[in-house]
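Chemist: Provide a 3D model corresponding to the input given below.
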Amino acid sequence: MKKIWLSLMAVLCLAGFSSRSFADELSKMKGDVMGEMDSMKADAKGETDKMKEQGEGMKGEVKGMSDEMKGMSDEMKGMMGK
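Modeler: Next up, the predicted model:
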């Protein structure tokens, strides 16, 4: 009877230790995944900022072209009026 109890206790202890190590491993994996996700978010934010800067640059170019075309239009109107 003692052997059965000792065997049962040994099995329960092993199960407890293995589940604890399994939980530790899962928490490590969670930390790794969260770290990767944070780096991916940072990369995406960098790309978004870069695209915003390009958009602002393009707005400036379009405005410059619009002003140039307006000047040409005014010039043509002046030529036609003469």
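Chemist: so where's the protein shaky on pLDDT?
Modeler: 17, 19, 81-82 (pLDDT under 70).
Chemist: show me where it has helices.
Modeler: Taking DSSP state H to define them, one finds helices in the chain at 2-81.
Chemist: nearest residue to the middle of it?
Modeler: residue 41 (1.8 Å; CA atoms, centre = their mean).
Chemist: ok, that one to residue 51 distance?
Modeler: Look at residue 41 and residue 51: by CB to CB, to the nearest Å, they are 16 Å apart. To be clear about C-beta, it is placed using only N, CA and C from the backbone, and glycine gets the same treatment.
Chemist: can you get me a residue count around residue 46?
Modeler: Residue neighbour count, defined by other CB atoms under 10 Å, stands at 10 for residue 46.
Chemist: I meant to write residue 18 there.
Modeler: Close neighbours of residue 18, defined as other CB under 10 Å, add up to 10.
Chemist: next: residue 50.
Modeler: 10.
Chemist: for residue 8, give its distance to residue 49.
Modeler: According to CB to CB, residue 8 stands 61 Å off from residue 49.
Chemist: do the same with residue 2
Modeler: Distance from residue 2 to residue 49, by CB to CB: 70 Å.
Chemist: these two: which is more packed in?
Modeler: More crowded of residue 2 and residue 49, by other CB under 10 Å: residue 49, with 10 against 6.
Chemist: state the distance from that one to residue 63.
Modeler: Residue 49 is 21 Å from residue 63, by CB to CB.
Chemist: now do residue 5
Modeler: Noted for residue 5: a distance of 86 Å to residue 63, by CB to CB.
Chemist: ok, now residue 80?
Modeler: 26 Å.
Chemist: neighbour count for these two, which is higher?
Modeler: Ranked by neighbour count (other CB under 10 Å), residue 80 and residue 63 place residue 63 first, with 10 against 7.
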